[in-house]
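Trainee: quick one, fold the following:
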Amino acid sequence: MEFDKIYSQKEFDCEERKVVDDNELMALSINVNDQLLDIIKNIRSDASEYGRLMAYYRCAIMEVETKFNVLNVELSRGRESNPIETIKSRLKSPESIVEKLQRKNIPMDVASIEKNLFDIAGVRVICAFQEDIYMLADSLAKQDDVKVLEVKDYIKHPKDNGYRSLHLIVEIPIFLLNEKRFMKVEVQLRTIAMDFWASLEHKIRYKKNLQMYDEYSEISDRLKQCADQSAALDNMMDETHKMIIGLKKRNEEE
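Mentor: Purely as a prediction, here's the structure:
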């Protein structure tokens, strides 16, 4: 998933951006088959509703980002550093939405997008230490307007390829001109080391179809070794951080 796009205030407008830009949907016609083109036409026929839904997801992203920014300020009090290094966000592309609906054999319409896909809006929070990940996740979950729908802990239970991160699906309210609407957002929390590995692994392997080659197994093994080394680095940094905190407290007591 790409988390590099930065939205302007105009793009995030929840009420005025009613109609999706034709270029956004026309982009789907590039490198897709005839079956996908038929699906695109169905979505284009309901472009106004699609654009409105995407605007709502953008609003939800802003709400979640604000919550983490507030937590970052609050939790940094009394600490030498902030728990959050970076916050990134992304909105799933129309092409990715169509491909996922097709893969899951879900009806190809705007209503199905909101009902069945929980990762349209995504927020990624990068932390320095693993303990900060769980502290932030717990603090977010305690907020009375946040409902945690799903938790996948790939830190305690990494994927086979070595991927580590804490994934949450949360539901939060957005307040529009005449209504309150509940939207789902995928939240990923990871350390700098986890993000480094995941980003490079994605660049190296994403959509390259290398499974047919004999060397693919060795490539997978190498990436897994890198993931294990990254995890060991995280653990060592956590332990070192705790030692420093302990020494600081002892120095203050003396």
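Trainee: where does the stretch 1-150 of the chain have low pLDDT?
Mentor: 1-47 (pLDDT under 70).
Trainee: do a quick rundown of the helices in it.
Mentor: Per DSSP state H, counting those that start in this stretch, the stretch 1-150 of the chain carries helices over the ranges 22-26, 34-44, 47-75, 94-103, 110-116, 130-141.
Trainee: may I see those helices arranged in TSV, with mean neighbour count and distance to Arg250 as well?
Mentor: Just so you know, the C-beta spots here come from the backbone N, C-alpha and C atoms, and that holds for glycine as well. Below are the helices of the stretch 1-150 of the chain laid out as TSV (neighbours: other C-beta atoms under 10 Å; distance: least, C-beta to C-beta, whole Å):
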stretch	mean neighbour count	distance to Arg250
helix 22-26	13	57
helix 34-44	14	62
helix 47-75	18	23
helix 94-103	17	52
helix 110-116	16	54
helix 130-141	18	20
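Trainee: in a markdown table: these, plus distance to Ile204.
Mentor: Converted to a markdown table, the helices of the stretch 1-150 of the chain look like this (distance: least, C-beta to C-beta, whole Å):
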| stretch | distance to Ile204 |
| --- | --- |
| helix 22-26 | 28 |
| helix 34-44 | 26 |
| helix 47-75 | 28 |
| helix 94-103 | 20 |
| helix 110-116 | 30 |
| helix 130-141 | 24 |
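Trainee: and whichever strand in the chain runs longest, which residues are buried?
Mentor: If you go by DSSP state E, the chain has its longest strand at strand 180-191. Of the residues in strand 180-191, Met183, Lys184, Val185, Glu186, Val187, Gln188, Leu189, Arg190, Thr191 count as buried by neighbour count, 16 or more other C-beta atoms under 10 Å.
Trainee: show me what contacts the last one?
Mentor: Meaning Thr191. Ile126, Cys127, Ala128, Phe129, Gln130, Ile133, Asp234 (C-beta atoms under 8 Å, 6 or more residues apart in numbering).
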